[in-house]
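Colleague: Quick check, what structure comes out for this input:
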Amino acid sequence: MNETLHVARRNPKLLIGLSVVLGFLLLGLLGPLFVDHGPNQYVGPQSEPPSAQYWLGTTTFGQDVWAQFVYGIRSTFLIGVLGGGVAFAIGTAVGFLAGYRGGIVDEILTMLTNVVLVLPALVVLIVAVAYLDARGLVVQAVFIGLTTWPWAARAVRAQTLSLATREYVDLARLSGRRTWRVIITEIAPNMSSYLVMSFILLFGGAVLTAAGLDFIGLGPTDGVSLGLMLENAVAWSALQLGLWWWFVPPGAAITAVVGSMYILNVGLDEVFNPKLREL
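Modeller: Numbers count the residues shown, from 1 in each chain. I've put the predicted structure just below:
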């Protein structure tokens, strides 16, 4: 443990990725507390460039872009945690059970995973979300999680198949422990680093998927997000009008959050894998 912490503190990828993620997380959590109006309220002059009063300017309707930005960052992390969490929960449960039990259980769960895997996830999401009268962040995140879990299930299954044949797992099985107790106490702890990195990838994937849905007009109907900011900026010709402060911040934030998550993931891989440290 001490060696791992020592390596982690000296890994630049891990430190950079973690710093950027934590910075945006704090901005999303604390930023809205210092905004005295809602993100969609008309509070200022129209198309105002960044100034001391409006840090990121205003939209063509006089809405405060900074207020939308900080609320959008909060929504981005909420989507990532919920969407990635749903996919992680389903994927790990299916993968653990299929890899540990084997036989007919493995065949059925693998077939189910493959069926969901070959479905065009984005098309399914577009069709499903389009038929909802009221779309919220939670509903969007759940739908994203329900369509993005298969690759995690396949990866966890492969790891579980390898660990399920170890002697300590056989001893736990012979002692009469229930299936999930063996998985939780004997198998999962030995692949904890892999599970953490899997969640990070699912988090980033959920953020990108949500941004794509928002950009084509299928985002939340009663909220604000970075993707919706981009969609509104395009719809109201912000690029043609030169209102760069309307679309550059949300685009840069999405890129920074997702990019730093992947950099963080690479750093964790180097920390947990001694072979990569030597490269």
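
Colleague: quick one: the most centrally placed residue in the chain from A128, how far?
Modeller: Central residue of the chain (Cα atoms, centre = their mean): F203, 1.8 Å from the mean position. Distance of F203 to A128, computed by Cβ to Cβ, to the nearest Å: 21 Å. For the C-beta atoms, the positions are set from N, CA and C on the backbone; glycine is no exception.

Colleague: same check, this time on T60
Modeller: 32 Å.

Colleague: now do G57
Modeller: From G57 to A128 the distance is 35 Å (Cβ to Cβ).

Colleague: Let me know whether V94 touches T113 as I believe.
Modeller: Yes: applying Cβ atoms under 8 Å, one finds V94 in contact with T113, separated by 6.3 Å.

Colleague: Please enumerate the shared neighbours of the two.
Modeller: In terms of Cβ atoms under 8 Å, 6 or more residues apart in numbering, V94 and T113 are both contacted by the residues A153, R157.

Colleague: Mind listing what's buried along the host helix or strand of the residue nearest to the centre of the chain?
Modeller: According to DSSP states H and E, F203 maps onto helix 192-215. Neighbour counts over helix 192-215 (16 or more other Cβ atoms under 10 Å) mark 194-195, 197-211, 213-215 as buried.

Colleague: elements contacting that helix?
Modeller: helix 65-101, helix 121-130, helix 137-147, helix 150-163, helix 226-235, helix 244-272 (3 or more Cβ pairs under 8 Å, 6 or more residues apart in numbering; DSSP states H and E).

Colleague: Any idea which of those has the lowest pLDDT on average?
Modeller: The minimum mean pLDDT among the helices and strands packed on helix 192-215 belongs to helix 121-130 (a mean of 75).

Colleague: returning to that earlier point: between G57 and A128, which one's more packed in?
Modeller: G57 (22 against 15; other Cβ atoms under 10 Å).

Colleague: okay, now the nearest residue to the more buried one once chain neighbours are set aside: neighbour count?
Modeller: Leaving aside its chain neighbours, G57 sits nearest to W245 (4.0 Å; criterion: Cβ to Cβ, 6 or more residues apart in numbering). W245 has 22 neighbouring residues, counting by other Cβ under 10 Å.

Colleague: What of Q63?
Modeller: Count around Q63 with other Cβ under 10 Å applied: 25.

Colleague: Surely it is in contact with V43?
Modeller: Yes: assessed by Cβ under 8 Å, Q63 is found in contact with V43 at 7.0 Å.

Colleague: quick one: contacts of stretch 179-194?
Modeller: Here stretch 179-194 has contacts from 96-97, 100-101, 155-156, 159-160, 163-164, 168-169, 172-173, 177, 195, 268, 272, using Cβ under 8 Å, 6+ apart.

Colleague: at 6 Å what do you get?
Modeller: With Cβ atoms under 6 Å, 6 or more residues apart in numbering as the test, stretch 179-194 has contacts from F96, Y100, Q159, T160, L163, V169, A172, R173, F272.

Colleague: ok, now stretch 84-95?
Modeller: Against stretch 84-95 from outside (Cβ under 6 Å, 6+ apart): 109, 142, 145, 148-149, 152-153, 156-157, 199, 202-203, 206.

Colleague: Likewise for stretch 105-114?
Modeller: Outside stretch 105-114, the residues touching it (Cβ under 6 Å, 6+ apart) are V94, A98, P150, A153.
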